Structure formats: structure tokens, C-alpha cells
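Visitor: coordinates for the following, if possible.
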Amino acid sequence: MKSTAFDSITRELSERANRRGFLRLLGGATALGIGSISLSDAADARRKRKPAKTKGKGTICKSWILSGGPSATAQLSVDDDLRITLNGVNILSDANTMADNLPPAPFAGKLGDSLAVIATDTNAACRSVSPIWLHCATSGEKRQLSAGQNDGCAPGRTPGVFFSKVFTVKL
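Guide: Below you'll find the predicted structure:
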């Protein structure tokens, strides 16, 4: 660069840059710097923030309970026999040919598993099965799978399966 050109540029800048202009320039640069730091801090805080807990859809449950009502401790009632399978494997089997109140049935499973509930009438007079509720043992979330079935008592019925439903494990 020629020395005369450099001298003229330096002279122009020094003439225009008085103290007030310099302070304005310094203040503007500081404000921009603080603004970018604040925006950067806000972005970092958003990245570090834990996701909000959602009820239901975000829950991963591996421990379940089948019960006879909205409480996980409600008994399952059946007249006469009840069999519940998870993906074809028995998790509850009552075959004593009598009406019973059975304890809730805990089981290990995952979302999407298949639950089959089969109620059989062996003494062909009365038949019923309580509502069936699915509870996540860890989160407490629940849903009703079936309202149950109560056919009451009547003479002349044929013994056999009177309730047979398959449910998908989900909340």
C-alpha cells in the first residue's frame, strides 16, 4: 500500500472519530456482545432443560397388574373358571369349577403384548366375569379393558366358554 494512501485514510478516520462517536461505537459493540451472550445462554438453557414428563404416552411400563376394578387391588370375580394368557402363556388359571373372587394378577410384559381372557361356565346355571382393568404397576396409570359380563342365572344353559376376548397391552 502506498504511504500517501495510508496517510489519507488514517487522517479521514481520525477526523471523523471524535470522543462521542467512539463512545457510541464502543456502547453499540458492547450491547451487541451482551445480546449475543444472552441469546447463547438461552439456547444452552433450552438444550439442557429436561423434557416435560407426559402422562401415558411417554411411560414405559414393564410391570403390570390385571384387576377387577379401577383399584389395582380389586379382585377378579368369575363364575365359574377363568384363564388369562399373555402371548399364549398362562398368567392366571382358575379351573376349580366354582365361583371365585381371585386376587389381582401381576405380570411382566411390554406394550403391544397380547392378553387373552377366557371365562368358562362349568355349572351351567350362573355365569359372570367382573370388569377387567389393566394397571401399570410403576406409574399407576390404568385403563379398563372390559366392562365384564354378567349373564345372571338361568336353568338349562349349556356349559362352555361364555367370555373370550383378546386385548393389546397399552395404556
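Visitor: nearest residue to A125 in space, please, no chain neighbours.
Guide: C153 (5.3 Å; CB to CB, 6 or more residues apart in numbering). Bear in mind the C-beta positions are built from the backbone N, C-alpha and C, glycine included.
Visitor: that neighbour pairs with what?
Guide: C126 (DSSP bridges).
Visitor: where does it land on pLDDT?
Guide: Per-residue confidence (pLDDT) for C153: 90.
Visitor: count of neighbours near it?
Guide: 12 (other CB atoms under 10 Å).
Visitor: from S93, how far out is it?
Guide: The gap separating C153 from S93 is 25 Å, by CB to CB, to the nearest Å.
Visitor: pretty sure the residue nearest to A125 sits against A124.
Guide: No: C153 lies out of contact with A124 (CB atoms under 8 Å); the separation is 10.0 Å.
Visitor: so which residues of the protein form strands?
Guide: Under the criterion DSSP state E, the chain carries strands at the ranges 63-67, 76-79, 81-86, 89-94, 100-102, 105-108, 114-121, 126-129, 132-136, 142-146, 149-153, 160-168.
Visitor: list the buried ones in the fourth one?
Guide: Translated: strand 89-94. By neighbour count on 16 or more other CB atoms under 10 Å, the buried set for strand 89-94 is 91-92, 94.
Visitor: adjacent strands (with direction) for that strand?
Guide: By DSSP bridges, strand 89-94 pairs with strand 81-86 (antiparallel).
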